[in-house]
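>>> no letters, just coordinates:
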């Protein structure tokens, strides 16, 4: 049994019809349950549940406070290469977009790491496009070893790999893995991934499982909201998170809610996913999985991120640059993977978190390798 | 245990007059830790090594803890005995002292301890001279094994971490208190001062409270409330007060005739 079986099983399900039939009573009952089943998650993602956002938020806040305390973890993304052979129609790094691609040298990675570490950040997330020829294992393991000098936790958001390769990176010092399915709907997945290795839906879907088996202590997943029907996608992502939590109980599972932002060269159709749906989805997840990590990136605006601190979020990126080499060089005109909307510095984010009555946590892992 | 006025808890050669252990996690601000310690009277505080940043002047949590308070580093994040042992050694090397609270957790959903791995880590670390306080599932046989492995105390959970459910494991903890020659510290799940008092009345040697204090709206006041409750519970225990009974003791309808 892998999560692929569940994806197939849910393909026949008429989400639209189900969501429309959810009643006030359904929502109320699901809202007040101690342990929520998948049906409860569906209820809380329905249009009817939008009338219950306040009680959902109150409960979500309580649960988050109980299990995570009044704290927000901080991390920064580090793009080390934007070479990519994939043709994702929604992405600024896709193979058809013409721009001067960059791959950081090991010295440059060191400089970027130093610039980020100066801000106090101790958790780093390393990102690349999918171009194994440009960023082979030797390059990636060297990168991880350099970053270990500066950071206590190293997360990877790189192209999906086999378990054996992940083991090598874990042994080098990486401890967490982020991989977004982008879209759980298989038809849409095919449309927006017309070529490249990424066109293999099942290989991507099972990536978090390979990562968990390889020994990553934390796995972060998500859908790219906008590609498919948002609430059906939110449901599948929630189901995926619970599957991972139950199958790999020693792995910390977290979810992200990346919303599509405009990127250079992106052509994909985008479903609307307004703030109210974003919050509803986040609250529903929190009620469904009280110990779930919820990561909020700088794709979201400063004003919106300030509010999300109180609504179940547990981890924020801060001071992010989404261009390769952006931290040390600070270029104005480089190509970004997505547009950063919250451009505040680490200091500014830290102050906001403190002012909101939360403790910013810079370090929450100790590498024992 | 001698019930005298000079009531101290001795752990690792140190004497503690206060029996509330506290924690550093989950506070809205680290600056609350010191006033909380003062208000509660707590003399020992646990800190996750994963949260300690020795390299940072502003963010090093240890700078928020007064020197008079004993540090109890914990191995949060460890999933195996091997990892717990490494974390303990790093803690000692970085100047956090000899005390170590072993937390080996392989269940992220409920954060329940893995007793087998905990035992392995206890054996190794006790031999290396650590004062080992293992967080454990309340299990009598296991408490005995930890004793033999060289633990300095046992720390059975009251209920799962962060749940505030109180002494859900009451009858198991009672048995451990009964048989254990080691101090028993009830750890995790205590959500209210009354629950802490109850654990102390039962004869626990100490309790560890973090979530309930740290996540309250006023951690300093909550710390004080827990400090008082623990002291009251301890005093009640020493006073050897009559146990609760769930039956009445009136006449002797069954055996009265023997004496008439």
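Yes, it's here. For clarity, every value in this text was computed on a predicted model and none was experimentally measured.
>>> can you show me the helices along the stretch 1-150 of chain A?
A:3-10, A:15-21, A:24-31, A:38-44, A:53-68, A:106-117, A:137-148 (DSSP state H, counting those that start in this stretch).
>>> of these, which is nearest residue A:328?
Of all these, it is helix A:106-117 that lies closest to residue A:328, at 4.3 Å by CB to CB. Quick note: C-beta positions are derived from backbone N, CA and C, even for glycine.
>>> turn the helices of the stretch 1-150 of chain A into CSV, columns for mean neighbour count.
Listed next are the helices of the stretch 1-150 of chain A as CSV, based on neighbours: other CB atoms under 10 Å in any protein chain shown:
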stretch, mean neighbour count
helix A:3-10, 14
helix A:15-21, 13
helix A:24-31, 16
helix A:38-44, 21
helix A:53-68, 18
helix A:106-117, 19
helix A:137-148, 18
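>>> now the strands for the chain?
Let's take chain A. For chain A, the strands defined by DSSP state E cover A:71-81, A:123-128, A:153-157, A:176-182, A:218-223, A:252-256, A:293-296, A:315-317, A:359-361.
>>> try again with chain B
B:9-11, B:14-16, B:20-23, B:44-48, B:70-74, B:99-102, B:105-107, B:112-113, B:131-136, B:155-156, B:185-187, B:206-209.
>>> adjacent strands (with direction) for the fourth one?
On the basis of DSSP bridges, the sheet neighbours of strand B:44-48 come out as strand B:20-23 (parallel), strand B:70-74 (parallel).
>>> the second one now?
Applying DSSP bridges, strand B:14-16 is found paired with strand B:9-11 (antiparallel).
>>> what does the strand it pairs with contact?
B:15-17, B:19, B:44, B:99, B:131, B:133, B:152-153, B:183, B:205-206 (CB atoms under 8 Å, 6 or more residues apart in numbering or on different chains).
>>> and the residue nearest to residue A:151 when sequence neighbours are not counted, how close does it get to residue A:326?
Distance criterion CB to CB, 6 or more residues apart in numbering or on different chains; nearest residue to residue A:151, sequence neighbours excluded, is residue A:124 at 4.4 Å. Applying CB to CB, to the nearest Å, the value for residue A:124 to residue A:326 is 14 Å.
>>> do the same with residue A:219
Counting by CB to CB, the gap from residue A:219 to residue A:326 is 26 Å.
>>> what's the answer for residue B:158, then?
Taking CB to CB, one finds residue B:158 at 49 Å from residue A:326.
>>> is stretch A:293-312 in proximity to chain B?
No: Stretch A:293-312 does not reach chain B (CB under 8 Å from any CB of the partner chain); its nearest approach is 9.8 Å.
>>> quick one: end-to-end length of that stretch, please.
End-to-end distance of stretch A:293-312 (CA to CA, to the nearest Å): 9 Å.
>>> and stretch A:21-37, by the same measure?
18 Å.
>>> roughly how far is that stretch from the heart of the chain?
Here the centre of stretch A:21-37 is set off from its chain's centre by 27 Å, with CA atoms, centre = their mean, to the nearest Å.
>>> does chain B have contacts with that stretch?
No: between stretch A:21-37 and chain B, judged by CB under 8 Å from any CB, nothing touches; the nearest distance is 10.7 Å.
>>> let me have the helices of the stretch 1-150 of chain A in TSV, extended by mean pLDDT.
Below are the helices of the stretch 1-150 of chain A laid out as TSV (pLDDT from 0 to 100):
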stretch	mean pLDDT
helix A:3-10	95
helix A:15-21	95
helix A:24-31	96
helix A:38-44	97
helix A:53-68	94
helix A:106-117	93
helix A:137-148	96
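>>> could you list the low-pLDDT ranges of the chain?
In the absence of a named chain, chain A is used. A:262-268, A:330-338, A:369 (pLDDT under 70).
>>> not quite, I wanted chain B
B:1-5, B:57, B:244-250, B:260.
>>> at 80 what do you get?
B:1-6, B:54-59, B:161-163, B:241-260 (pLDDT under 80).
>>> which residues of it lie near chain A?
B:25-30, B:48-53, B:56, B:58-59, B:77-79, B:83, B:86-87, B:90, B:105-109, B:111, B:162-164, B:211, B:214-215.
>>> so which of the helices of the stretch 1-150 of chain A is nearest residue B:40?
helix A:53-68 (20.0 Å).
>>> one step back: any chance of the contacts of strand B:9-11 in JSON lines, plus neighbour count and distance to residue A:107?
Below are the contacts of strand B:9-11 laid out as JSON lines (neighbours: other CB atoms under 10 Å in any protein chain shown; distance: CB to CB, whole Å):
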{"residue": "B:15", "neighbour count": "10", "distance to residue A:107": "55"}
{"residue": "B:16", "neighbour count": "18", "distance to residue A:107": "52"}
{"residue": "B:17", "neighbour count": "11", "distance to residue A:107": "57"}
{"residue": "B:19", "neighbour count": "26", "distance to residue A:107": "55"}
{"residue": "B:44", "neighbour count": "24", "distance to residue A:107": "46"}
{"residue": "B:99", "neighbour count": "23", "distance to residue A:107": "43"}
{"residue": "B:131", "neighbour count": "21", "distance to residue A:107": "45"}
{"residue": "B:133", "neighbour count": "31", "distance to residue A:107": "46"}
{"residue": "B:152", "neighbour count": "23", "distance to residue A:107": "49"}
{"residue": "B:153", "neighbour count": "22", "distance to residue A:107": "51"}
{"residue": "B:183", "neighbour count": "21", "distance to residue A:107": "54"}
{"residue": "B:205", "neighbour count": "23", "distance to residue A:107": "56"}
{"residue": "B:206", "neighbour count": "26", "distance to residue A:107": "53"}
